[in-house]
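Participant: Give me a 3D structure for the following:
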Amino acid sequence: MNKTLFWIAVAAVIVVAVVAGVVSYDHLHTVAVAAGEQNWIAKLVPLSADGLLVSASLSAFVAKWQGRKVHAMTKLSLAVGLTASIAANIASPFVGSLTGTSQDILAAIVGAWPAIALALSFEEVLRLSSMWKAEASNEVATEVAALPEVTAEVLPETVAVEVIAEPVVVPEVPETAATPEALPLPMATPPVRKSAIATAPKTGSVKAEALRYLADKPETTAAQLALRFDRSDRWARMIRKDFQEAQQSTQTRELVAV
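Facilitator: Numbers count the residues shown, from 1 in each chain. Model (predicted):
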């Protein structure tokens with residue numbers, strides 16, 4: 001088909017759609033005002049009908065473009081949108097004289113219409129999204145199928161080569177050659193802990209030695225005491241506690257004697 005003719009048809013459709021949208025907007029606005037809606041709400045109601053028709057028309061156009069069948073929900077959306085637009089166009093000259101029950105029924109229909117249009121339009125958006133994803137996956141599959149096939153190279157057959165082993169000549173060792181004696185290796189001595197050498201008590205128990213050390217140096221902390229006598233911090237704290245209690249009892253006896 002000639003592209004010029006195609007674009008002429010597209011331009012004609014756009015002109016018709018603009019004219020139909022303007023006329024439909026005016027008539028739907030008139031119906032919404034007659035139903036008792038506020039002025040700013042009455043201006044928005046026609047957009048819901050036109051938006052439903054646009055979304056359904058685009059969904060049908062994409063389906064036909066991809067060679068698919070138009071979905072039943074798309075047909076329903078087109079039918080509902082066209083029915084609402086045609087009904088508003090026909091009823092607009094007569095709705096001004098409605099009163100009582102007739103006006104209440106019209107107000108109920110106009111109030112329920114935006115929710116119906118939103119549900120159908122959202123369904124069309126989801127369908128357009130699924131069709132777009134399907135088209136993208138088809139394009140990827142087409143590109144993969146167009147890639148050249150990679151054939152495995154056939155390696156040449158290996159040729160067996162016979163290896164002839166030559167005799168190994170071992171030099172003769174004269175019997176008079178003296179075998180060197182193995183030198184004795186020094187025995188390894190276990191490492192001696194520095195703290196054990198430096199802090200081992202000379203006489204008596206470790207506790208007594210620690211108490212004598214605290215008597216000479218009472219400012220020694222528990223950590224320093226544990227390091228010096230190679231004991232735990234808990235043991236050092238107990239020794240310091242005993243030393244402090246002994247000092248307190250000595251001071252108490254001195255005060256009592258005075």
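
Participant: Report pLDDT for V170.
Facilitator: Here, the pLDDT recorded for V170 equals 54.

Participant: Run the chain-centre distance for stretch 104-120.
Facilitator: The chain centroid and the centroid of stretch 104-120 are separated by 40 Å under Cα atoms, centre = their mean, to the nearest Å.

Participant: Quick check: mean pLDDT of that stretch?
Facilitator: On average, stretch 104-120 scores 87.

Participant: same question, stretch 38-49
Facilitator: For stretch 38-49, the mean pLDDT works out to 86.

Participant: got the contact list for that stretch?
Facilitator: 24-26, 28-29, 31-33, 37, 81, 84-85, 88, 110, 113-114, 117-118 (Cβ atoms under 8 Å, 6 or more residues apart in numbering). For every residue, glycine as well, the C-beta is placed using N, CA and C.

Participant: just the helices in this protein please.
Facilitator: 3-34, 39-65, 72-91, 101-146, 194-199, 206-216, 222-228, 233-257 (DSSP state H).

Participant: other SSEs contacting the last one?
Facilitator: The contact analysis (3 or more Cβ pairs under 8 Å, 6 or more residues apart in numbering; DSSP states H and E) places helix 233-257 against helix 206-216, helix 222-228.

Participant: one step back: out of the contacts of stretch 38-49, which end up buried?
Facilitator: Buried members of the contacts of stretch 38-49, scored by 16 or more other Cβ atoms under 10 Å, are 24-25, 28-29, 31-33, 37, 81, 84-85, 88, 110, 113, 117.

Participant: and the helices and strands packed on helix 233-257 as TSV, adding mean pLDDT and mean neighbour count?
Facilitator: Listed next are the helices and strands packed on helix 233-257 as TSV, based on pLDDT from 0 to 100; neighbours: other Cβ atoms under 10 Å:
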stretch	mean pLDDT	mean neighbour count
helix 206-216	87	16
helix 222-228	86	17
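
Participant: Nearest to S97, out of these?
Facilitator: helix 222-228 (102.5 Å; Cβ to Cβ).

Participant: Other residues contacting the closest one?
Facilitator: Here helix 222-228 has contacts from 195, 198-199, 210, 213-214, 220, 231-233, 235-237, 239-240, using Cβ under 8 Å, 6+ apart.

Participant: go on, stretch 233-249?
Facilitator: Contacts for stretch 233-249 (Cβ under 8 Å, 6+ apart): K207, A210, L211, L214, A215, P218, A222, A223, L225, A226, F229.

Participant: Could you export those as JSON lines, including distance to K64?
Facilitator: As requested, the contacts of stretch 233-249 are exported to JSON lines (distance: Cβ to Cβ, whole Å):
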{"residue": "K207", "distance to K64": "100"}
{"residue": "A210", "distance to K64": "99"}
{"residue": "L211", "distance to K64": "103"}
{"residue": "L214", "distance to K64": "100"}
{"residue": "A215", "distance to K64": "106"}
{"residue": "P218", "distance to K64": "101"}
{"residue": "A222", "distance to K64": "90"}
{"residue": "A223", "distance to K64": "87"}
{"residue": "L225", "distance to K64": "94"}
{"residue": "A226", "distance to K64": "89"}
{"residue": "F229", "distance to K64": "95"}
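
Participant: between these, which is nearest Q66?
Facilitator: A223 (81.1 Å).

Participant: Which residues are in contact with the nearest residue to A63 once chain neighbours are set aside?
Facilitator: Once flanking residues are discounted, A63 sits nearest to V70: 5.0 Å by Cβ to Cβ, 6 or more residues apart in numbering. V70 makes contacts with S59, A60, A63, K64, as judged by Cβ under 8 Å, 6+ apart.

Participant: rerun that using 10 Å as the cut-off
Facilitator: A56, S59, A60, F61, V62, A63, K64, L78 (Cβ atoms under 10 Å, 6 or more residues apart in numbering).
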